[in-house]
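Peer 1: Got a predicted structure here, sequence first:
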Amino acid sequence: DILVENAVAHAAAGCVWDTCHPNAAALCKPWIPVFAVFYSIVVFIDLGFNMYATLTDNEAVGRCFRFTALELRSGTGVGNAMPVADPGIDTLGIFRSYSGGLDISQHRASNVSKQGPSLLLEFDGSVAMNGWWFETGLGDP
């Protein structure tokens, strides 16, 4: 067994796939187990981040939130040469939903400013949000 393991370890990397047990032969290469451990660590870290996002309802926390209209219902925007000058949004807000319902009571912006196609919501303190809503006028694009 040791003789075969040494032979495989010193063989070219492509040769391990020509054996009857390519996975076992690949593990004899010194860099394959290192790669497998590194890949496993990355997968577990990604799993941890995804579980955290799921358990915290995918919330974003901040004092300022910027919303930019990229394209209007009329087609003005991304696909056209004409950029969005005014998004036509009358009211904009954020909310936090959770398993027990919806919470919009604490999410009142202290300052709302328009800057071209963007709206900037500013709050006095940090707020958690995982959704947003807006209202447009009847005649707006």
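Peer 2: Sure thing, it's come through.

Peer 1: Can you verify my assumption that residue 29 contacts residue 12?
Peer 2: No - using CB atoms under 8 Å, residue 29 is not in contact with residue 12; the gap is 10.1 Å. Bear in mind the C-beta positions are built from the backbone N, C-alpha and C, glycine included.

Peer 1: neighbour-wise, which of those two wins?
Peer 2: residue 29 (16 against 7; other CB atoms under 10 Å).

Peer 1: ok so that one is a strand residue?
Peer 2: No - Residue 29 is assigned coil when assessed by DSSP: H, G, I helix; E, B strand; the rest coil, not a strand.

Peer 1: Can you name the next helix or strand after whatever helix or strand residue 37 lives in?
Peer 2: Per DSSP states H and E: residue 37 is located in helix 31-55. For helix 31-55, the following helix or strand on the C-terminal side (DSSP H and E) is strand 60-68.

Peer 1: what lines up beside that following strand in the sheet?
Peer 2: strand 118-129 (antiparallel) (DSSP bridges).

Peer 1: Report the buried residues of the strand it pairs with.
Peer 2: 119, 120, 121, 123, 127, 128, 129 (16 or more other CB atoms under 10 Å).

Peer 1: Stretch 50-67 now?
Peer 2: residue 65.

Peer 1: can you give me the end-to-end distance of it?
Peer 2: 25 Å (CA to CA, to the nearest Å).

Peer 1: Now do it: distance to the chain's middle.
Peer 2: Centre-to-centre, stretch 50-67 and its host chain are 10 Å apart (CA atoms, centre = their mean, to the nearest Å).

Peer 1: What mean pLDDT does that stretch get?
Peer 2: Stretch 50-67 shows a mean pLDDT of 81.

Peer 1: Next secondary structure after the lowest-mean-pLDDT helix or strand in the chain?
Peer 2: Lowest by mean pLDDT, DSSP states H and E among the helices and strands of the chain is strand 101-103, with a mean of 67. Downstream of strand 101-103, the next assigned helix or strand under DSSP H and E is strand 111-115.
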